[in-house]
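# below: sequence and its predicted model.
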Amino acid sequence: MRIDVVTIFPRYLDALRESLPGRAIADGRVSLAVHDLRDWAADRHRTVDDTPYGGGPGMVMKPDVWGRALDSVVADAEEPPILVVPTPAGRPFTQAVAAELATAPHLVFACGRYEGIDQRVMVDAARRLPVREISIGDYVLNGGEVAVLVVLEAVLRLVPGVLGNPRSAGEDSFADHLGGLLEAPSYTRPAVYRDLPVPEVLLGGNHAAIDRFRRDESLRRTAAHRPDLLATAELDDRDRAVLAA
Ligand code: SAM
């Protein structure tokens, strides 16, 4: 997978060189290029923002600078990449969106700052590329860089070969295996921690009983923390009985 990120703070993305994404880059599964938007500014101050039309506080990122940057980044692309634009006004970023992005051969990320990017940049890009305006949650960050780190962490662990144990992703919260529920709580040694024992069933080696216990805990946890997920989860009669109890 090829990834290009355009930002005014390239060093923010250094974190991608750590841990699993870092290994995927080091072993060549992923190629990452981080570009400084100011390289496409037209004045000696390397200006990337201007006052908003219609008034209001803050500054807006200039369309001409972004247009030149994106044209240049996609110029040598073999096929049109997906342009991902983090914004609190975007569609929610979910595991399903991560799974869709994980199948793309090339992603380009545009990190906004200030009041965001002039909307005509996305309208113009959509004439040539698929564009995804994505929100990572109902809160406002200072810039898109942290959102890109979030999106890429979620996407890259779904790219084949990136996770040490490929089964992990399939059994995580939201995975098809769980029918869209949250994962059950996890435990490791010691069997008793500060007078708190591990649930007995996990020590017994009865895999059918362990699977049932984990399913029940998934259901209870989802009902407690994310009842909205139950509306679309795949539930059978036994699941419904657990939820009703
Ligand atoms: N004026 C914008 C609004 O109200 O929708 C907020 C701009 S925010 C201060 C600056 C940049 O941070 C955005 O352009 C975007 O790149 C990023 N950002 C902030 N919150 C975000 C979120 N929840 N999800 C994704 N990106 C976000």
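All right, it came through fine.
# pLDDT at the residue of the chain found nearest the ligand, what is it?
For the chain and the ligand, the shortest gap (CB to the nearest ligand atom) falls at G112, measuring 2.4 Å. In this view, the C-beta of every residue, glycine as well, is placed from N, C-alpha and C. pLDDT, G112: 98.
# again with G28
The model's pLDDT for G28 equals 94.
# against D14, how distant is it?
19 Å (CB to CB, to the nearest Å).
# what's the answer for E200, then?
Counting by CB to CB, the gap from E200 to D14 is 46 Å.
# then A241?
For A241 relative to D14 (CB to CB), the value is 50 Å.
# neighbour count for G28 and D14, which is higher?
Per other CB atoms under 10 Å, whichever of G28 and D14 has more neighbours is D14, with 10 against 7.
# which of the three states applies to the more buried one?
helix (DSSP: H, G, I helix; E, B strand; the rest coil).
# phi and psi next, for the residue nearest the centre of the chain.
Geometric centre of the chain, nearest residue: V151, 2.2 Å, by CA atoms, centre = their mean. Backbone geometry at V151, expressed as degrees, to the nearest 10, gives phi -60, psi -40.
# residues contacting it?
Counting by CB atoms under 8 Å, 6 or more residues apart in numbering, V151 touches V84, P86, F93, A98, L101, F109, I134, I136.
# which secondary structure element of the chain has the lowest mean pLDDT?
Ranking every helix and strand in the chain by mean pLDDT, DSSP states H and E puts helix 167-170 at the bottom, with a mean of 76.
# would you mark the buried spots in that helix?
For helix 167-170, burial by neighbour count (16 or more other CB atoms under 10 Å) applies to A169.
# and the next helix or strand after it, what's its mean pLDDT?
Next in sequence after helix 167-170, counting helices and strands by DSSP states H and E, comes strand 192-193. What strand 192-193 shows for mean pLDDT is 98.
# what's the closest non-adjacent residue to T47?
A41 (5.5 Å; CB to CB, 6 or more residues apart in numbering).
# neighbours of that neighbour, how many?
Neighbourhood size, A41 [other CB under 10 Å]: 19.
# R91 too?
Around R91 sit 11 other residues, with neighbours defined as other CB under 10 Å.
# looking at it, it is touching E100, isn't it?
No. In this structure R91 lies outside contact range of E100 using CB atoms under 8 Å: 11.4 Å.
# in whichever strand or helix holds L243, which residues are buried?
Per DSSP H and E: L243 is located in helix 237-244. Neighbour-count burial for helix 237-244 flags D239, V242, L243 (criterion: 16+ other CB under 10 Å).
# strand partners of the longest strand along the chain, parallel vs antiparallel please.
The longest strand of the chain (DSSP state E) is strand 82-92. Looking at strand 82-92 with DSSP bridges, its partner strands are strand 106-110 (parallel), strand 131-135 (parallel).
# to A33, which of the ones you listed lies closest?
strand 106-110 (9.7 Å; CB to CB).
# which residue lies farthest from the center of the chain?
Of all residues in the chain, D195 has its C-alpha farthest from the mean position, at 37.6 Å, by CA atoms, centre = their mean.
# give the contact list for D4.
Neighbour list for D4: L32, A33, V34, H35, V73, P81, H106, L107, V108, F109 [criterion: CB under 8 Å, 6+ apart].
# from P88, how far off is it?
With CB to CB as the criterion, D4 and P88 are 22 Å apart.
# what's the answer for G205, then?
Taking CB to CB, one finds G205 at 48 Å from P88.
# between the two, tell me which one has more neighbours.
Legend: neighbour count by other CB under 10 Å for G205 and P88, higher for P88 (16 against 8).
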